[in-house]
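A.B. asks: Pasting the sequence and the predicted model now:
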Amino acid sequence: MKETPNLEYVDNLADGDAAFRQKFIGILKEEFPLERKAYLDTIENSLFREASEHVHKIKHKLNVLGLHNAYTLAVQHENELRKEQYSFKAEFISILQVVEHYLKNI
């Protein structure tokens, strides 16, 4: 079953505080595109260590968005990048596209 991003974690964290919820979502919407672009730029230029650092930042957002399998894949991708390998690249980029679309539409 394919995972779908959701705000369950954010809603639990906000505990009914609408302003906090919106601020948290705003941070996700602001940071994610920048981190995604930075990752894509470094991976395109085979800057493995830098790419792994971007994956490290992004993976926590995946977890926040309820994408636990994607988080696990990100951990694997991050570890591979440190070894200058990227067999999870296409799958990770696909996840980034799903998250980008989701964040644009919430």
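C.D. replies: Structure's in. What do you need? Residues are numbered from 1 along each chain as shown.

A.B. asks: wait, F20 sits on A14?
C.D. replies: Yes: F20 is within contact range of A14, at 4.7 Å (criterion: CB atoms under 8 Å). Using the backbone N, CA and C atoms, a C-beta is placed for each residue, glycine as well.

A.B. asks: For the two, work out which one has more neighbours and name it.
C.D. replies: Under the criterion of other CB atoms under 10 Å, the comparison of F20 against A14 puts A14 first, with 17 against 13.

A.B. asks: Please name the nearest non-neighbouring residue to the more buried one.
C.D. replies: Take A14 and drop its neighbours on the chain: the residue closest to it by CB to CB, 6 or more residues apart in numbering is R21, 3.9 Å away.

A.B. asks: ok, now I58?
C.D. replies: Nearest one to I58, counting by CB to CB, 6+ apart, is E35 at 5.2 Å.

A.B. asks: What score does that neighbour have for pLDDT?
C.D. replies: On the pLDDT scale, E35 is placed at 98.

A.B. asks: looking just at contacts, which helices and strands does the helix or strand Y102 falls within meet?
C.D. replies: Per DSSP states H and E, Y102 falls inside helix 89-104. Secondary-structure packing of helix 89-104 (3 or more CB pairs under 8 Å, 6 or more residues apart in numbering; DSSP states H and E): helix 18-44, helix 48-64, helix 68-82.

A.B. asks: Helix, strand, or coil at the spatially most distant residue from the centre of the chain?
C.D. replies: Most distant residue from the mean C-alpha position of the chain: G16, 24.6 Å away (CA atoms, centre = their mean). What DSSP: H, G, I helix; E, B strand; the rest coil gives for G16 is coil.
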